[in-house]
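Q: Have a look; sequence and predicted model below, questions after that.
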Amino acid sequence: MTSPLVSIRALEKRFDLSGSLLEQITFEGGRFRRKQEAVHAINGVDLEVQKGEALCVVGESGCGKSTVARTVMGLLSPSAGEIHYGGQRIDNLDGKAALLYRRKMQMIFQNPYASLNPRMTIQQTLEEPIRFHHPDWSPTQVRDKIHEVMHSVGIDPDWGSRFGHEFSGGQRQRIAIARALAVDPEFIVADEPISALDVSIQAQVLNLLMDAQESRGLTYLFITHDLAVVEHFGTRVAVMYLGRVCELADTKNLFATPRHPYTQALLSAIPKLEDDRPNHIRLKGEVPTPVNLPSGCVFHGRCPYANERCRQEVPQLIVTDGGTQVACHAVEERRL
Ligand SMILES: Nc1ncnc2c1ncn2[C@@H]1O[C@H](COP(=O)(O)OP(=O)(O)OP(=O)(O)O)[C@@H](O)[C@H]1O
């Protein structure tokens, strides 16, 4: 395998909930104690994104997908761990060195209503990042680039003087995609890019992202909770639960033979007319709070295969016969 474009290494992200030092001090059992509460949003994630692939990250709400996305993009700093791009560590860069990666790595957000400035014309929206990253470009070069990206996302280049609010949700997301493409990125993090759109528009925008991937040789980290999207779009899939990756597989393998009980439960939740699927699992209970993480395997409280080892020992990702990586003691012990 070639070296990955992006590596996420032993990533952890905690959000401190304790407030000021004064608010952290409590009096318990006759002593002053310092109480430090935190949301453990990411708890040791290792992922490699290969050049040209679309790596999808899936999981229930709150499992840490967006936090992974925002940390990779440098919008959040990791509590521990590293992000590498093309072999270079980037989570600790600033100034000029960081600028280069800001051009190569672009992000598309879920809500095109919030991500476009309503006071800017489309021309201004697209011009801003181009001028920022290419201050030496002539007005003609800038104009040609704007024309090219508007055309490629299916927005009439003559509409450049219109404002964002004059466009529908689907058109706005196309413009947001054009803004990301305008600086010729290599890597795009797309965080639920179609989930705020009408169902009838979703497939069009997804196809647009796939066309851009092919024609521009893009690599995607694609965050979604929609398994139908994953099946259509993903080269590989990472399934997350409570801030950890529990399964990493080629998309075909994941849908044909899900190995982790949580993945099996997610796939079981997809409605089917004739349900003859093996490994049908129905999840009980709620996702535990990421403030007090369960010991051992974070999934053990909801897992029908959990035993004492699962309650005590954190499972690591192991490679199974089919090449899928799974973090599950039951799979490792061939109990499942
Ligand atoms: N700024 C923040 N401060 C405190 N907690 C946060 C912050 N951002 C995220 N979290 C918490 O971190 C955990 C992971 O959130 P994240 O948004 O990454 O999950 P997600 O899988 O993307 O969920 P969703 O699909 O709902 O967006 C959640 O418990 C969330 O409440």
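A: Yep, that arrived. Residues are numbered from 1 along each chain as shown.

Q: what does stretch 182-189 rub up against?
A: With contacts defined as Cβ atoms under 8 Å, 6 or more residues apart in numbering, stretch 182-189 is touched by 5-6, 49, 69, 72-73, 85, 103-108, 126, 129-130, 133-134, 145-146, 149, 180, 209, 216-221, 223. In this view, the C-beta of every residue, glycine as well, is placed from N, C-alpha and C.

Q: Which of those fall in strands?
A: 6, 49, 85, 105-108, 219-221, 223 (DSSP state E).

Q: Considering these, which is situated nearest to Ile194?
A: Taking Cβ to Cβ as the measure, Ile194 lies nearest Ile108 of the ones in strands among the contacts of stretch 182-189, at 9.6 Å.

Q: Assess the claim that His225 and Gly59 are in contact.
A: Yes: using Cβ atoms under 8 Å, His225 is in contact with Gly59, at 7.0 Å.

Q: Next, show the common contact partners of those two.
A: By Cβ under 8 Å, 6+ apart, the residues touching both His225 and Gly59 are Lys65.

Q: So which of those two has more stuff around it?
A: Gly59 (25 against 16; other Cβ atoms under 10 Å).

Q: related to what we said a few turns ago, closest to Thr251 among the ones in strands among the contacts of stretch 182-189?
A: Using Cβ to Cβ, those come closest to Thr251 at Tyr220, 12.7 Å.

Q: for the closest one, what are its contacts?
A: Counting by Cβ under 8 Å, 6+ apart, Tyr220 touches 53-55, 187-190, 209, 213.

Q: Quick check: residues of the stretch 201-336 of the chain near the ligand?
A: 225, 290 (Cβ under 6 Å from any ligand atom).

Q: what about the strands in the stretch 201-336 of the chain?
A: Ranges of strands in the stretch 201-336 of the chain, per DSSP state E, counting those that start in this stretch, are 219-223, 236-241, 244-250, 318-319, 325-326.

Q: quick check, stretch 175-195 touching the ligand?
A: No: Stretch 175-195 does not reach the ligand (Cβ under 6 Å from any ligand atom); its nearest approach is 6.9 Å.

Q: Name the residues of that stretch that are buried.
A: 175-183, 185-194 (16 or more other Cβ atoms under 10 Å).

Q: cool, stretch 10-30 as well?
A: Applying a neighbour-count criterion of 16+ other Cβ under 10 Å, one finds 11-14 buried in stretch 10-30.

Q: Would you mind naming what in the stretch 51-200 of the chain lies close to the ligand?
A: So far as Cβ under 6 Å from any ligand atom goes, the stretch 51-200 of the chain lies against the ligand at 59, 61-67.
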